[in-house]
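**Q** model the following, please.
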Amino acid sequence: MLQPFKGIHSFHLNITNSMITLLLLIPLIGSLILLPMSNTIESQSQMKKIALTTSLINFFVSLFLWYQFDSSQTQYQFVSEFNQLNFCHLNFGIDGISLYFVLLTTFVTPVALLSNYTNITKNLKFFLISFLLLETLQICAFVSLDLLLFYIFFESILPVLFIVIVIFGHGNDRFRSAFLLFLYTLAGSLPMLLCILMIYSYIGSTDFQLISLYSISLDSQKILWLGFFIAFAVKTPLYPFIIWLPKAHGDSPIGGSIILAATVIKLATYGYLRVLINFLPDATNYFGPLVQTIAIISLVYASLSTIIQQDTKRLIAYSSICHMAVVILGLFSNTIQGIEGAILLSLAHGFVSPALFICVGSVIYDRTGTRIINYIRGLVTYMPVFTILFFIFTLANTGIPLSLNWLGEQLSLIGIWQQNPIIACLGATGIVLSACYSMFLYNRLSYGNLSPSLPPLKDINRREYYLLISLLVPTIVFGILPNVILTTLHTSTTALLYTVV
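**A** Below you'll find the predicted structure:
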């Protein structure tokens with residue numbers, strides 16, 4: 001059996017038992033190495049290599065953790081505990097659900113660093129340290145086995161994201177976008193903090209395993225459920241809390257957009273699974289129709305808003321809201337197909353959405369200096385390789401077969417169909433609307449006569465090619481071989497199902 005990590009003096013434990021500790025410490029060690037380095041031009045190349053190497057090492061550690069994971073068990077594995085201080089009790093572990101969110105975080109971090117590898121020169125050290133800290137904080141949120149710890153790490157990413165947008169973002173409106181991100185999510189999470197304090201007053205602990213042993217009355221569950229749901233709905237985001245996301249994407253650096261789309265909003269997905277469905281099943285069943293209605297409103301509203309966008313990054317940001325609305329439908333379907341489909345779609349969105357942000361916010365923007373759709377056309381004339389990759393990711397974003405997006409959407413809709421066929425039909429309209437705005441964007445940018453306001457453009461370089469291919473491979477491979485993921489998910493998702501009396 002695995003032995004818990006008892007403190008900073010217990011490094012004699014074998015490597016398997018301390019995997020989570022390694023995942024949390026490696027980015028911090030990289031940050032400490034970067035901290036004393038001078039921010040001169042000569043040392044910038046070395047700092048980039050250190051940060052990238054650190055993130056890649058963490059990714060390989062997470063792959064080893066995936067290899068060692070026992071998918072036949074429902075309990076938490078690789079449990080690490082630090083309780084040597086009276087005021088600090090850290091408890092971490094992983095199950096089949098949190099495993100893939102950790103893998104997604106460690107996979108996306110080096111992609112985000114590489115996306116800004118050449119265009120961030122001022123305050124580079126602070127930029128690299130910020131992303132390594134974000135990696136550690138997000139992993140902490142996904143592996144925390146204590147509700148109060150989850151809240152702390154859930155909120156701790158906000159100051160870092162705020163500073164990244166303010167310092168490294170572009171546009172005069174970036175200050176307002178950063179404040180919207182910070183204030184919306186901070187205010188939305190205050191009800192969650194109150195609910196955590198209520199749980200502590202009822203049970204005397206905020207430990208996940210202890211909470212799961214207690215039976216909470218339906219009336220109390222309803223109050224707690226609403227508090228947690230508001231926090232997660234703002235982070236998702238769902239209507240009417242969606243205004244902060246397109247603005248944050250539009251004014252953040254491309255690395256910030258990648259992290260925001262791939263992992264930050266997945267904290268809400270994880271919160272639905274870990275807290276609402278797991279601890280408050282009666283209230284989840286009671287409020288199920290309300291959640292489904294809000295998800296459909298968010299889907300239709302965001303889809304129609306996406307079609308009229310003229311800024312390429314904001315268009316991709318609104319499309320993210322559409323996909324997350326389908327994720328919500330799957331999560332609250334109370335079926336294995338729906339929950340597993342929602343997790344698959346979350347992972348697929350974590351691959352495809354960053355790739356589209358790289359296409360429009362890095363490749364095209366770096367060459368044209370604009371993100372306004374009306375100013376860009378005819379890219380296929382000078383950028384044929386890029387156009388092919390852009391086309392594949394556009395199709396994946398629409399949910400074409402053989403992509404992970406397609407499996408996620410279909411399973412989510414099949415799951416909600418068993419609950420409410422009308423909601424499933426309304427949710428399926430997102431596929432049609434997704435095809436409308438995705439193909440409009442691709443066709444408008446790629447074909448037609450080359451815009452006279454644009455100079456001759458260079459095709460993608462080696463770094464950009466490797467970035468896009470690294471995101472394309474898991475999208476296609478897992479779309480063809482989904483059982484690689486589903487086999488690990490079955491046991492954990494089955495434990496989330498509740499019986500409706």
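
**Q** where in the stretch 1-150 of the chain is pLDDT low?
**A** The stretch 1-150 of the chain contains residues with pLDDT under 70 at 1-17, 83-89.

**Q** quick one: the strands in it, in order.
**A** Per DSSP state E, counting those that start in this stretch, the stretch 1-150 of the chain carries strands over the ranges 77-85, 88-94.

**Q** does the last one pack against any helices or strands, and if so which?
**A** What that stands for is strand 88-94. helix 19-34, strand 77-85, helix 124-143 (3 or more Cβ pairs under 8 Å, 6 or more residues apart in numbering; DSSP states H and E). Quick note: C-beta positions are derived from backbone N, CA and C, even for glycine.

**Q** return the most buried member of these.
**A** Each of the helices and strands packed on strand 88-94 was scored by mean neighbour count; the highest is helix 124-143, a mean of 24, by mean count of other Cβ atoms under 10 Å.

**Q** distance from the chain centre to that helix, please.
**A** The chain centroid and the centroid of helix 124-143 are separated by 14 Å under Cα atoms, centre = their mean, to the nearest Å.

**Q** in CSV, list the C-alpha atoms belonging to that helix.
**A** Below are the C-alpha coordinates for helix 124-143, written out as CSV (Å, rounded to 0.1, in the frame of the first residue of the first chain):
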residue,chain,number,x,y,z
LEU,A,124,11.0,37.8,-19.5
LYS,A,125,12.1,36.3,-16.2
PHE,A,126,8.8,37.4,-14.5
PHE,A,127,6.8,36.0,-17.5
LEU,A,128,8.5,32.5,-17.2
ILE,A,129,8.2,32.4,-13.4
SER,A,130,4.5,33.3,-13.7
PHE,A,131,3.7,30.4,-16.0
LEU,A,132,5.6,27.9,-13.8
LEU,A,133,3.7,29.1,-10.8
LEU,A,134,0.5,28.8,-12.6
GLU,A,135,1.3,25.2,-13.4
THR,A,136,2.0,24.4,-9.7
LEU,A,137,-1.2,26.2,-8.5
GLN,A,138,-3.4,24.5,-11.0
ILE,A,139,-2.1,21.1,-10.2
CYS,A,140,-2.6,21.8,-6.5
ALA,A,141,-6.2,22.6,-7.2
PHE,A,142,-6.8,19.4,-9.2
VAL,A,143,-5.1,17.1,-6.6
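
**Q** run the angle between it and strand 88-94 for me.
**A** 80 degrees (axes from the mean of the first three to the mean of the last three Cα atoms, to 10 degrees).

**Q** next, the angle from helix 124-143 to helix 19-34.
**A** 170 degrees.

**Q** okay, now L186: neighbour count?
**A** If you count neighbours by other Cβ atoms under 10 Å, L186 ends up with 15.

**Q** quick one, what contacts it?
**A** Residues touching L186, when contacts are defined by Cβ atoms under 8 Å, 6 or more residues apart in numbering, comprise 155, 158.

**Q** now do N374
**A** Contact criterion Cβ under 8 Å, 6+ apart gives Q310 as the residues in contact with N374.

**Q** and it, backbone torsions?
**A** With angles defined as degrees, to the nearest 10, N374 sits at phi -70, psi -20.

**Q** cool, and T118?
**A** Per-residue torsions, T118: phi -110, psi -20 (degrees, to the nearest 10).

**Q** what about the residue nearest to it when sequence neighbours are not counted, which helix or strand?
**A** Across the structure, with Cβ to Cβ, 6 or more residues apart in numbering as the measure, the residue nearest T118 apart from its sequence neighbours is R463 (7.5 Å). Here R463 is covered by helix 462-480, with elements defined by DSSP states H and E.

**Q** quick one: contacts for the nearest residue to Y466 once chain neighbours are set aside?
**A** When the adjacent residues along the chain are set aside, Y466 lies closest to L114, with 7.8 Å between them (Cβ to Cβ, 6+ apart). The contact partners of L114, by Cβ under 8 Å, 6+ apart, come to 52, 463, 466-467.

**Q** try 7 Å
**A** Counting by Cβ atoms under 7 Å, 6 or more residues apart in numbering, L114 makes contact with 52, 463, 467.

**Q** which other residues reach the host helix or strand of H490?
**A** When elements are assigned from DSSP H and E, H490 belongs to helix 483-494. Taking contacts as Cβ under 7 Å, 6+ apart, the residues outside helix 483-494 that touch it are 69, 71-74, 95-97, 99-100, 336, 339-340, 343-344, 478.

**Q** and stretch 154-171, by the same measure?
**A** The set of residues that contact stretch 154-171 without belonging to it, under Cβ under 7 Å, 6+ apart, is 120, 123, 127, 130, 133-134, 137-138, 141, 174-175, 177-178, 181-182, 185-186, 189, 248, 251-253, 256, 264, 267.
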